[in-house]
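**Student:** This is the structure alone, sequence omitted:
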């Protein structure tokens, strides 16, 4: 084999091994499920204004788990609110499901959230007077799904998060970790394309947080979700496919393995 052919063959082997190490999600980078272009958010108070962030541009690929890290107050939660059509940017656009989110009416934005997005927050926001089953079924009931069908699906998702035996317990009777697992089941019952998780383990102890993060990771893989996780836990961020750091109004991509606790 001549020198040129030898190096070409070696390059192909190297590239194949590199892709295997990086993970199959890189095969889907051209299949963007969400795209952010020139995003800016300004808060105004009287004559003064605070530019929380500006000129943010990135994409989330199909099947990708993207971590967003940064200090408290950097704008991670606000960014997730904008990605989920809960808030509007001051400038720039978010595109998802062939939609320009800033152009949606309030009703259209609500429909988008109910069909395309699953939310998990630091606090579970379960309704304490309702059972776990009723809480998880709520998004389907709000769609107009028949109660029997909604509760059947809710039980399936409670099984997925290991809470089937607690389905008829009121939310207030569940432990913190169980409440967050029920909130995850509620987020996924609508079969969203994208999961947005804002500090999903921030209110949990280390051991329980590990259980919840592993659960999110497993369901992400098994249901081929695209996930954006805002987290202070750099150990969890290291286990995501990509990491974006939001700091001082700017965003940069960092290698997951470079993060240090």
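**Tutor:** It's in. What you see is a predicted model; the values in this text were computed from it and never measured.
**Student:** tell me the secondary structure for the residue most central in space within the chain?
**Tutor:** Nearest to the mean C-alpha position of the chain, counting by CA atoms, centre = their mean, stands residue 196 at 2.6 Å. With DSSP: H, G, I helix; E, B strand; the rest coil as the basis, residue 196 sits in strand.
**Student:** you'd agree it is up against residue 86?
**Tutor:** No. Using CB atoms under 8 Å, residue 196 makes no contact with residue 86, being 9.3 Å away. To be clear about C-beta, it is placed using only N, CA and C from the backbone, and glycine gets the same treatment.
**Student:** circling back: now the residue nearest to the centre of the chain: how far from residue 178?
**Tutor:** Applying CB to CB, to the nearest Å, the value for residue 196 to residue 178 is 21 Å.
**Student:** and what of residue 249?
**Tutor:** Residue 249 is 38 Å from residue 178, where distance means CB to CB.
**Student:** all strands for the chain, in order.
**Tutor:** Ranges of strands in the chain, per DSSP state E, are 32-45, 48-61, 65-69, 91-96, 99-100, 117-120, 194-198, 226-230, 242-247, 250-254.
**Student:** excluding its backbone neighbours, what's nearest residue 70?
**Tutor:** Closest residue to residue 70 apart from its sequence neighbours, by CB to CB, 6 or more residues apart in numbering: residue 246 at 3.9 Å.
**Student:** what's the burial count for that neighbour?
**Tutor:** Residue 246 has 21 neighbours, counted by other CB atoms under 10 Å.
**Student:** Enumerate every residue touching it.
**Tutor:** 53, 56, 68, 69, 70, 74, 75, 76, 79 (CB atoms under 8 Å, 6 or more residues apart in numbering).
**Student:** Report the contact partners of the closest residue to residue 223 other than its chain neighbours.
**Tutor:** Spatially, and ignoring its direct neighbours in sequence, residue 223 is nearest to residue 188 (7.0 Å; CB to CB, 6+ apart). By CB under 8 Å, 6+ apart, the residues touching residue 188 are 118, 157, 160, 195, 219, 223, 225.
**Student:** Distance-wise, check the first one relative to residue 225.
**Tutor:** Just to be clear, that refers to residue 118. Going from residue 118 to residue 225 by CB to CB gives 8 Å.
**Student:** go on, the third one?
**Tutor:** As for residue 160, its distance to residue 225 is 13 Å (criterion: CB to CB).
**Student:** Show me whatever sits in contact with both of those two.
**Tutor:** Shared contacts of residue 160 and residue 225, defined by CB under 8 Å, 6+ apart, are found at 188, 219.
**Student:** Fine, thanks again, bye for now.
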